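Enquirer: Make a model of this:
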Amino acid sequence: MLESVASGDYEIKILQGERVKIQTKSPESYSTIYKELKNRSTEFFTYQPKQERSFRVVLKRIHPSTSTDDIKQALEDLHHKPNNIWKKYQNKKTLPIFFIDLQPNPNNKHVYSIKSLLNCRVEIEPPKPKREIPQCSNCQQYGHTQKFCHRQSRCVKCAESHHTKNCPRKERSDKVKCILCEGNHPANYKGCIVYKELQNIKYPNTQPNKQKLKRTEKPEAIVNQTQTKAEFTGPKKSYANTVESNPTTNSTNIEQQVGDIVRILNTSIQALMNQMLQMTQMLSEIMSKMSSHSQP
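Expert: All right, here's what the predicted structure looks like:
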């Protein structure tokens, strides 16, 4: 099939698990083989061709209220073509940072030399590389994304052959199954042994506790353990609740603290006054001696 549509403009590599990797040698052969595999309903995944990938940069030191349309126009005036511009948020607040996807162009790297934009001194730099393996939300496997996946859908919760959004289970349940390790947790759980092994192979120096892990659905059993522990330790109280439930005790404690502070201040003031008195006496003695020496 491949030879008839690509005429040798490709290479094949045999992988583990009866998988085959097809490496095309030109954009034309990639497009031809891609369409042929789709027409034959073949299960496969691929990646976005390099020549079609946007050139992403980070624009810093510009006010967050600046219009993205104004930024786009300013870049176009400098012969750059933005595809998409969006703001960066942190704690629901906009930051003076914008992410920009530029159309692939030979002059893309020239954007780093821009030091002024819309009458503002700015910095443009490449984004920090991600240090986490991507996971496909269609088949739940790692190493690619849903946008370029044409494999059988698998549910993140029950591992059945349907997309997660079509899962009949709408409520939280402890009866979950990971398609990757068959454990009792969702397939996107970052505690999964498969994820940990792949992450350690790809990024061996990345510490799990420093990663920005996604909020994923965890097994109900873990939630129940947390609730049981809470029953023994008792509910947490805020400072306001504690004061409200024990007004007499807290009032007494405050009075004692104020009294202690007053006593400490009195002691410090008395010590300071004694030092000043000693210094005054010494100064008087010095002045007296100087006066006696000055007389004929």
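Enquirer: average pLDDT for the longest helix seen in the chain?
Expert: Scanning the chain for the helix with the most residues, using DSSP state H, yields helix 247-294. Per-residue pLDDT over helix 247-294 has a mean of 72.
Enquirer: what about the strands in the chain?
Expert: 10-15, 19-24, 55-60, 82-90, 93-102, 116-117, 120-121, 123-125 (DSSP state E).
Enquirer: closest one to Glu43 among those?
Expert: Closest to Glu43 of the strands of the chain, according to C-beta to C-beta: strand 19-24, at 10.4 Å. For glycine as for every other residue, the C-beta is placed from the backbone atoms N, C-alpha and C.
Enquirer: residues of that closest one that come out buried?
Expert: For strand 19-24, burial by neighbour count (16 or more other C-beta atoms under 10 Å) applies to 22, 24.
Enquirer: Tell me which of the strands of the chain sits most buried.
Expert: strand 55-60 (a mean of 18; mean count of other C-beta atoms under 10 Å).
Enquirer: could you give the angle of it to strand 82-90?
Expert: For strand 55-60 against strand 82-90, the angle by axes from the mean of the first three to the mean of the last three C-alpha atoms, to 10 degrees is 50 degrees.
Enquirer: Can you tell me the strand partners of strand 55-60 and which way each runs?
Expert: Here strand 55-60 is paired, per DSSP bridges, with strand 93-102 (antiparallel), strand 123-125 (antiparallel).
Enquirer: Contacts for the last one next, please.
Expert: Residues from elsewhere that reach strand 123-125, judged by C-beta atoms under 8 Å, 6 or more residues apart in numbering: 57-61, 111-112, 114-115.
Enquirer: As JSON lines, the residues you listed with pLDDT would be great.
Expert: What follows is the contacts of strand 123-125, written out as JSON lines (pLDDT from 0 to 100):
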{"residue": "Val57", "pLDDT": "98"}
{"residue": "Val58", "pLDDT": "98"}
{"residue": "Leu59", "pLDDT": "98"}
{"residue": "Lys60", "pLDDT": "97"}
{"residue": "Arg61", "pLDDT": "94"}
{"residue": "Val111", "pLDDT": "97"}
{"residue": "Tyr112", "pLDDT": "98"}
{"residue": "Ile114", "pLDDT": "97"}
{"residue": "Lys115", "pLDDT": "97"}
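Enquirer: Looking at the strands of the chain, spot the one closest to Arg40.
Expert: Among the strands of the chain, strand 19-24 comes nearest to Arg40, with 13.4 Å by C-beta to C-beta.
Enquirer: domains for the chain, by residue range?
Expert: By the assignment in automatic domain parsing, the chain contains the domains 2-42, 51-125, 133-218.
Enquirer: circling back to that earlier point, turn the contacts of strand 123-125 into JSON lines, columns for distance to Ile12.
Expert: Rendered in JSON lines, the data for the contacts of strand 123-125 read as follows (distance: C-beta to C-beta, whole Å):
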{"residue": "Val57", "distance to Ile12": "36"}
{"residue": "Val58", "distance to Ile12": "39"}
{"residue": "Leu59", "distance to Ile12": "42"}
{"residue": "Lys60", "distance to Ile12": "45"}
{"residue": "Arg61", "distance to Ile12": "49"}
{"residue": "Val111", "distance to Ile12": "38"}
{"residue": "Tyr112", "distance to Ile12": "39"}
{"residue": "Ile114", "distance to Ile12": "44"}
{"residue": "Lys115", "distance to Ile12": "48"}
